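>>> I'd like to go over a predicted model; first the sequence, then the structure.
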Amino acid sequence: MARTNAQRPARRALRRPPAAADRALASLGARTVPTAADHPHWTPLNRIVIELVYPEIDGGRYPVKRIVGERFTVWADVFRDGHDVVAARVRHRAAEDGDWKVAPMAHHDNDRWTGEFRLDRMGRHFYTVDAWTDVFATWRRDAAKKLAAGQDTMLELLEGREILEATLSALRGSDAACVRDALARAAAGSAPDRQCAALLDDKLAGVMARVGPRADQSSYARELEVVADRRRAGFAAWYEMVPRSQGAVPGRSGTFDDCIRRLPGIRAMGFDVVYFTPIHPIGRVNRKGANNSLDGGPDDPGSFYAIGAKEGGHEAVHPALGTLDDFARLVAAAQKLDMEVALDFAIQCAPDHPWVREHPEWFRFRPDGSIRYAENPPKKYQDIVNVNFYGPHREALWNALRDIVLLWCARDVRIFRVDNPHTKPLPFWEWLIREVQARYPDAIFLSEAFTRPKMMKALAKLGFTQSYTYFTWRNFKQELTDYLTELTRTEAREYFRPSFFPSTPDILPQFLQRGGPPAFKIRLVLAATLSPVYGIYNGFELCENRGLPGTEEYADSEKYQLKVWDWDRPGHIKQLIGRINWIRGENPALQGHGNLGFWRADDDNVLFYGKATEDRGNLVFVAVNLDPFEPHETVLWFPIAEMGLGDADAFEVEELLTGAKHLWRGSPQRVRLEPESNPAAIWRVRIWKHVEYRAPTA
C-alpha cells in the first residue's frame with residue numbers, strides 16, 4: 001500500500017534525534033511521551049498496575065473505621081504486562097510512628113490480592129499497597145517447569161546462581177546461611193538438573209520472597225487512613241436519662257446523687273453507657289413552659305437545650321443538679337460499675353448565655369437589633385440562639401467550642417452525643433473531632449442527625465464514631481431488610497456505625513404510641529440484635545407511650561417540665577431488657593456489624609435474620625413478629641448450607657429468651673410468635689454432624 005504524504009514526515013522523524021522527533025510529532029498534533037511532571041504518580045518504568053484498593057472511601061478523602069485489636073484486611077488489583085511473577089504487600093503505620101511496617105499480600109484470584117495487619121493501638125493508622133516483579137520467583141517457576149518437562153536446565157542453573165550470588169552480599173545471619181547452603185548443594189550436584197533442583201528448595205524460596213531482588217517496584221498513589229476505635233465504639237448499650245427527672249419528690253429537680261442511686265438498676269439491665277441530656281444552666285429569657293408552650297412561668301424549669309444563664313454556660317452544671325464535685329462522684333460511681341457517662345454536646349445557647357454578652361460577634365442580630373433566635377419554619381425556638389460559625393471571629397469561636405469538649409474530657413468524659421450536627425458546618429466537625437482525638441484517641445462522638453441520607457453519611461465519613469439512623473421509622477419487613485442491607489452490605493459498612501434508638505426525647509413513633517407493650521418488646525429485640533450499638537430513652541422500660549395527639553412528641557415531655565418516675569410501676573419490661581443485654585454479651589455474633597444475613601420466612605409479618613462469627617463458632621438466629629396486635633405462625637427456612645450442614649445433619653437450638661432447647665433437622669421449621677407473650681425468638685445454634693452407622697468388622 002502506498003504511503004500518504006501525511007505519513008512520510010512522521011516516519012522520517014523517527015530516525016532523527018529524540019528532540020527533533022518530538023518537534024515533528026508535535027507539528028502533526030501528536031502527543032509527546034509523557035513525563036513524571038505530567039503525571040506526578042507515573043514514571044516510564046512503572047510497569048505494575050495497582051488499582052481498586054479496598055477499603056478506600058471517596059478516593060482516600062475519608063478514613064475507614066475499625067475497632068482496635070481487629071485484623072484489618074486490604075484488597076487490591078495488582079498486575080503487569082507479560083508473565084513474570086508479581087508480589088505485593090501492605091505497608092502500614094500508626095499516625096505517631098515514623099517507620100512503616102509491612103504485611104505480605106497473597107493472590108486471591110483474577111489479579112485480586114489480599115493482605116492484613118492487626119490494629120494494635122487506638123487512633124489513626126495509614127496504609128498503602130506496594131508491588132514489584134519478583135525476580136527469583138519468576139526464575140524458580142520457569143526453572144521448575146523446564147525441569148519437570150525434562151528439558152536442559154544448564155542456563156537456568158547459571159541464572160539462578162547469578163541471582164543468589166548477587167543477593168548474598170546484602171544478607172546476614174540465617175538468611176545468608178540459607179542461601180550459602182543452597183549454593184553449596186547446587187555445586188555438589190552431579191548433573192545440571194540435580195544442581196538446579198537444589199535451588200528450588202521451599203525454604204530458600206521463602207527467604208528470597210522476603211529479601212530477594214525486586215524489579216519494577218511501584219506503590220499505590222495514595223496513603224489511606226483507618227481509625228481504630230476502642231471496643232465500646234462498636235459494641236455498647238446506651239441508657240439515655242434526664243438527670244433532673246431522677247428524683248423522688250414532685251416539683252423538685254433530681255440531682256447527681258439521685259443519678260448515682262439509679263446506676264445499679266441501670267447496670268442490672270445490662271447497659272454500659274449512661275447518657276445524660278444537657279446538664280448545664282438553663283436560660284431564663286423566653287423560657288418555655290410545659291409541652292413547649294411560650295408562656296413559661298417562674299416555676300417552669302425550661303428546656304435543657306436552652307443552654308446558658310448567669311450561672312454559666314457549656315462549661316458549667318445546673319446548680320439544681322449539684323456541683324462539679326458531685327458530677328465527678330457520679331462519673332467515678334459509673335466507672336466502678338464498668339459504665340461510662342456520656343454527655344450531650346449541643347452547640348446552642350439561651351439568649352442569656354454568657355457568650356452573648358461577652359462575644360456578641362459570635363451571634364447574628366436582626367435589623368432591629370434583636371438577636372436572631374433559632375427557627376425551622378414554621379417551628380420557632382425562641383429560647384435558643386445559634387452561633388455564627390463564620391466570620392472574622394471564626395478561629396476564636398471554633399477554639400472555644402473545641403476547648404469545651406476538651407474540658408469535659410479532662411473531667412473523665414469520653415463519649416459525646418452531638419445534637420443536630422447537620423445544622424453546623426461539616427469542616428468544623430472534621431476539625432474538632434480530629435483535634436479532640438489527637439489528645440484523647442478514646443473519645444467517641446455520636447451523630448444525632450435525623451436528616452437527608454447523604455448528609456448523615458457525610459458526617460460519618462468525616463469522623464463521627466457512631467450515627468443515629470432511620471431505624472426509628474422502619475417498621476415493616478421489606479423496608480427493614482432493605483435498610484439493614486444498605487448499612488451492612490455496601491461501602492457504608494466501612495465508615496457508618498449505626499446506633500439504633502427506638503425512641504428519643506424528641507421522637508415517640510406512632511408504632512410505640514399505638515402498639516402498646518408488644519410494640520416496645522418488638523422494637524427492643526430489633527434494635528438490640530440488628531445493631532451492636534443501640535440504646536433506649538428512659539421511660540422505654542416502662543412502655544411509656546403517651547403522645548401529643550397527631551404528633552411524635554411525648555405528652556408532658558420532660559424536656560419542658562420536672563417529672564418523677566416510678567421505675568418499678570406495673571407493666572415494665574426491665575427483666576426482658578436485662579435478658580436481651582445478657583444475650584448480646586454472651587454471643588460474639590451479636591457484637592458484629594457486617595455479619596448480618598436475612599433469611600426466608602413465609603409470613604411477611606415475620607422478620608427472620610441471623611448473625612455468625614467468622615469461624616461459625618457462634619451462630620444466632622432471630623425471628624420477630626412485626627405485628628404488635630396479632631399472632632403469626634409461619635415457616636422459617638434456616639440456611640443450612642451456609643451453616644455448613646447437609647440435609648441429613650441435625651442442629652440443636654437453644655431459645656435464649658426462655659432457655660428451651662430443641663433438636664431440629666432440615667431447613668424448614670414452623671414457629672408461632674404471640675405479640676404479648678413471645679413476639680420474638682432468639683436461637684443459638686449448635687451443629688450435630690450426621691455420621692453414617694458402620695457395622696463392626698469381624
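That came in fine, so what should we check first?
>>> domain parsing for this protein?
1-33, 43-229, 233-590, 596-688 (automatic domain parsing).
>>> out of those domains, deepest packed?
domain 233-590 (a mean of 19; mean count of other CB atoms under 10 Å). Every C-beta, even on glycine, is put in place using the N, C-alpha and C of the backbone.
>>> please state the offset of it from the chain centre?
Centroid separation for domain 233-590 versus its chain: 20 Å, with CA atoms, centre = their mean, to the nearest Å.
>>> re earlier: how about JSON lines for the domains of the chain, with mean pLDDT added?
Formatted as JSON lines, those follow (pLDDT from 0 to 100):
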{"stretch": "domain 1-33", "mean pLDDT": "47"}
{"stretch": "domain 43-229", "mean pLDDT": "93"}
{"stretch": "domain 233-590", "mean pLDDT": "96"}
{"stretch": "domain 596-688", "mean pLDDT": "95"}
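>>> distance check, F136 against A333.
63 Å (CB to CB, to the nearest Å).
>>> V273 now?
14 Å.
>>> could you do P264 as well?
On the measure of CB to CB, P264 and A333 end up 9 Å apart.
>>> which single helix of this structure contains the most residues?
For the chain, the longest helix by residue count, based on DSSP state H, is helix 510-530.
>>> what's the first helix or strand after it?
Per DSSP states H and E, the first helix or strand lying C-terminal to helix 510-530 is strand 533-537.
>>> the longest helix of the chain to strand 533-537, inter-axis angle?
150 degrees (axes from the mean of the first three to the mean of the last three CA atoms, to 10 degrees).
>>> put the alpha carbons of helix 510-530 into CSV.
In CSV, the C-alpha atoms belonging to helix 510-530 read as follows (Å, rounded to 0.1, in the frame of the first residue of the first chain):
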residue,chain,number,x,y,z
GLN,A,510,-46.6,6.1,66.2
PHE,A,511,-45.7,2.4,66.3
LEU,A,512,-44.9,2.7,70.0
GLN,A,513,-47.9,5.0,70.7
ARG,A,514,-50.4,2.6,69.2
GLY,A,515,-48.8,-0.8,69.7
GLY,A,516,-48.6,-0.9,73.5
PRO,A,517,-46.1,-3.1,75.4
PRO,A,518,-45.8,-5.6,72.5
ALA,A,519,-44.5,-2.8,70.3
PHE,A,520,-41.9,-1.9,72.8
LYS,A,521,-40.8,-5.5,73.0
ILE,A,522,-40.6,-5.8,69.2
ARG,A,523,-38.6,-2.7,68.8
LEU,A,524,-36.3,-3.6,71.7
VAL,A,525,-35.4,-7.0,70.1
LEU,A,526,-34.9,-5.5,66.7
ALA,A,527,-32.6,-2.7,67.9
ALA,A,528,-30.5,-4.9,70.2
THR,A,529,-29.9,-7.7,67.8
LEU,A,530,-29.8,-5.9,64.4
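>>> tell me which helix or strand L576 sits in.
Going by DSSP H and E, L576 is in helix 574-586.
>>> residues contacting that helix, please?
The contact list for helix 574-586 (CB atoms under 8 Å, 6 or more residues apart in numbering) reads 235, 237, 265, 268-271, 521, 524-525, 528-529, 532, 536, 541, 590-591, 656-657, 682.
>>> just stretch 132-140 next, same as before
By CB under 8 Å, 6+ apart, the list of residues contacting stretch 132-140 reads 47-48, 80, 84-88, 156, 159-160, 163-164, 167, 199-200, 205, 208-209, 212-218.
>>> again, only this time at 6 Å
Residues outside stretch 132-140 that contact it (CB atoms under 6 Å, 6 or more residues apart in numbering) are 84-85, 87, 159-160, 163, 200, 208, 212-217.
>>> redo these as TSV? Include distance to L576 and secondary structure.
Formatted as TSV, the contacts of stretch 132-140 follow (distance: CB to CB, whole Å; DSSP: H, G, I helix; E, B strand; the rest coil):
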residue	distance to L576	secondary structure
D84	63	coil
V85	59	coil
A87	55	strand
E159	73	helix
G160	70	helix
I163	68	helix
L200	65	coil
M208	61	helix
G212	62	coil
P213	65	coil
R214	60	strand
A215	64	strand
D216	62	strand
Q217	60	strand
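>>> between those residues, which is nearest F72?
A87 (20.1 Å; CB to CB).
>>> nearest residue to that closest one in space, please, no chain neighbours.
D134 (4.2 Å; CB to CB, 6 or more residues apart in numbering).
>>> ok, now Y239?
Counting by CB to CB, 6+ apart, the residue nearest Y239 is F271, at 4.0 Å.
>>> what do you get for M456?
Closest to M456 by CB to CB, 6+ apart is A449, at 5.3 Å.
>>> so what are the sheet partners of the strand ranked longest in the chain and their directions?
Identified as the longest strand of the chain according to DSSP state E is strand 123-134. With DSSP bridges as the test, strand 123-134 is paired with strand 86-94 (antiparallel), strand 214-219 (antiparallel), strand 224-229 (antiparallel).
>>> what angle do the helix or strand following that strand and strand 123-134 make?
Next helix or strand after strand 123-134 toward the C-terminus (DSSP H and E): helix 135-148. Calculated by the same axes, to 10 degrees, helix 135-148 forms an angle of 40 degrees with strand 123-134.
>>> any idea how far the residue nearest to Y239 is from A400?
33 Å.
>>> give me the beta-bridge partners of Y468?
S499.
>>> that one contacts E448, correct?
Yes: look at Y468 against E448 with CB atoms under 6 Å: they come within range, at 5.1 Å.
>>> common neighbours of these two, please.
By CB under 6 Å, 6+ apart, no residue touches both Y468 and E448.
>>> give me phi/psi at the residue lying closest to K310 once chain neighbours are set aside?
Counting by CB to CB, 6+ apart, K310 lies nearest to D352, which is 6.9 Å off, once chain neighbours are set aside. Main-chain torsions, D352, degrees, to the nearest 10: phi -110, psi 20.
>>> for D352, list the residues it contacts.
G283, R284, V285, A309.
>>> can you list contacts of stretch 114-128?
Here stretch 114-128 makes contact (CB under 6 Å, 6+ apart) with 66, 68, 70-75, 90-95, 103-105, 108, 220, 223-228, 230, 441-442.
>>> can we see that at 7 Å?
Identification of contacts with stretch 114-128 by CB atoms under 7 Å, 6 or more residues apart in numbering yields 63, 66, 68-75, 89-95, 101, 103-106, 108, 219-220, 222-230, 441-442.
>>> quick one: end-to-end length of it, please.
12 Å (CA to CA, to the nearest Å).
>>> repeat for stretch 90-107
End-to-end for stretch 90-107, by CA to CA: 13 Å.
>>> how far is that stretch from where the chain is centred?
The answer for stretch 90-107 is 21 Å, by CA atoms, centre = their mean.
>>> what ranges does the stretch 251-400 of the chain have for its strands?
Ranges of strands in the stretch 251-400 of the chain, per DSSP state E, counting those that start in this stretch, are 273-276, 340-345, 373-376, 379-385.
>>> export these to JSON lines and tack on distance to V606?
Formatted as JSON lines, these follow (distance: least, CB to CB, whole Å):
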{"stretch": "strand 273-276", "distance to V606": "31"}
{"stretch": "strand 340-345", "distance to V606": "35"}
{"stretch": "strand 373-376", "distance to V606": "38"}
{"stretch": "strand 379-385", "distance to V606": "39"}
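>>> so which of these is nearest V405?
strand 340-345 (6.4 Å).
>>> still on that earlier bit, who touches the longest helix of the chain?
471, 475, 484, 500, 502-503, 534, 540, 543, 545, 547, 571, 573, 576-577, 580, 584, 590, 596, 622, 624-626, 628, 675-676, 679-680, 682.
>>> same question for stretch 191-200.
By CB under 7 Å, 6+ apart, stretch 191-200 touches 140, 143-144, 147, 153-154, 156-157, 160, 182, 185-186, 189.
>>> tell me the one of those nearest D383?
R140 (76.4 Å).
>>> which residue packs closest to R600, ignoring adjacent ones?
Looking at R600 with CB to CB, 6+ apart, the closest residue is W637, at 4.0 Å.
>>> distance of the one you found from Q669?
8 Å.
>>> repeat for F126
In terms of CB to CB, F126 sits 48 Å off from Q669.
>>> with R231 instead?
34 Å.
>>> over to G535?
32 Å.
>>> since that was my last question, I'll sign off now.
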